[in-house]
Every structure is written in C-alpha cells, then in structure tokens.
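**Q** Mind looking at a prediction? Sequence and model below.
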Amino acid sequence: MSGRLFRRAGGAVVKIDAAALMDLLRFRQSGFQSAEAGGVLLGRRILGSADVVIDEVTTPLEGDRRTRTTFYRAQERHQEVIDARWSESGGTCQYLGEWHTHPEPLPGPSLIDVRDWCRRLDEDRFDGESLFFLIVGIDEVRAWEGFRQPRIIIPLNPIPAESSGGGTPAS
C-alpha cells in the first residue's frame, strides 16, 4: 500500500507515509460497536519547501478513554512518545497534529472537534505556523490544516494516487 497525499493551499503537499496510513486504517470504525480511536501525528517539515511528511502516528495508549463517539487522549503517555521521537531523531521528528476516527463513511469535523482543534492551536507547542488534523472514516481519510494566526481551519484536497507523480515530498 502506498501512502496518501493531500494538497495544501499554495500547492505544497502533505504525505501520510504508508506505514502511518496502515496504522490509521487499522482503527476504522467499520463494526457497529467499534470505539473511536485517536492519537498524534509525528513527522517532518521538509527543509526548503512547505511539504510535510507524516511518518508515524501514535495509536490508543493506556489511559486513553474510548467510546463509540468519543476519544479522550491521555496527554502524558502520548507526550512521552513525542519527546522520545524528537530526541531519537535529533529534533527532526516533530509533533504535527492530531488524528481520530469517526463511525461514518465520509468524515467531517463535529463542533467538538473544531473547538478541540482551536484549543490545540492556542495551547500546544509546535514548530511552524500550523497543525494538521486527520479524521479517519469508514471509507475515507480526510485532512484539515489549522493556522494559529489568523485563526482558520481549512480542508486539504486529496491528491488521487494516479496523479501523484511529481511534486511529492521527499521521503
């Protein structure tokens, strides 16, 4: 399986690495009683461009609370992973945003999601001017980019696999 690509405003690309995508898809809520899942996005902002690569995602950890329609991330456990990856990579692997699932084919953010994303933009420490937010639906993964200033959250357009040649970020 190849990764997934999204186009940012201005033409840059966000790439979800194949291994990270596989981790996300493992948690699709396709069963009637499947619980919501989530975690953080880890990866790189490519030097000399506005491209971003999501190399890894955390998956539900001890202390997270999951129901059919809610996911509460245990901040400390996921932060330990963020800190470890940052250290192991010499500062190149960084926190890029958040992901979670929805029990619907074509997911969209709820009001609660948007409020949480705005809170993350206000309170989280991160490099760059934006964070990325993924929602994994039953049939599709959708992506948004949220900016701290001005406060705006915009959807990212998926790039079909057949048209992804050229202009893709370095691996």
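**A** Good, I have the coordinates.

**Q** Would you mind giving the secondary structure of the most far-flung residue of the chain relative to its centre?
**A** Relative to the centre of the chain, the most outlying C-alpha is that of Phe32, 24.1 Å out, by CA atoms, centre = their mean. Recorded secondary structure, Phe32: coil (DSSP: H, G, I helix; E, B strand; the rest coil).

**Q** Could you give the separation of the lowest-mean-pLDDT helix or strand in the chain from the chain centroid?
**A** Lowest mean confidence among the helices and strands of the chain (mean pLDDT, DSSP states H and E): strand 71-72, at a mean of 88. Averaged C-alpha coordinates place strand 71-72 at 15 Å from its chain's average position (CA atoms, centre = their mean, to the nearest Å).

**Q** Any chance you could list what contacts it?
**A** 35-38, 60, 64-66, 100-101 (CB atoms under 8 Å, 6 or more residues apart in numbering). In short, each C-beta sits where N, CA and C put it, glycine included.

**Q** pLDDT score assigned to the residue nearest to Leu134 when sequence neighbours are not counted?
**A** Counting by CB to CB, 6 or more residues apart in numbering, the nearest residue to Leu134 once its immediate chain neighbours are dropped is Trp99, at 4.0 Å. On pLDDT, Trp99 comes in at 98.

**Q** quick check, Trp99 in a helix?
**A** No. Using three-state DSSP, the assignment for Trp99 is strand, not a helix.
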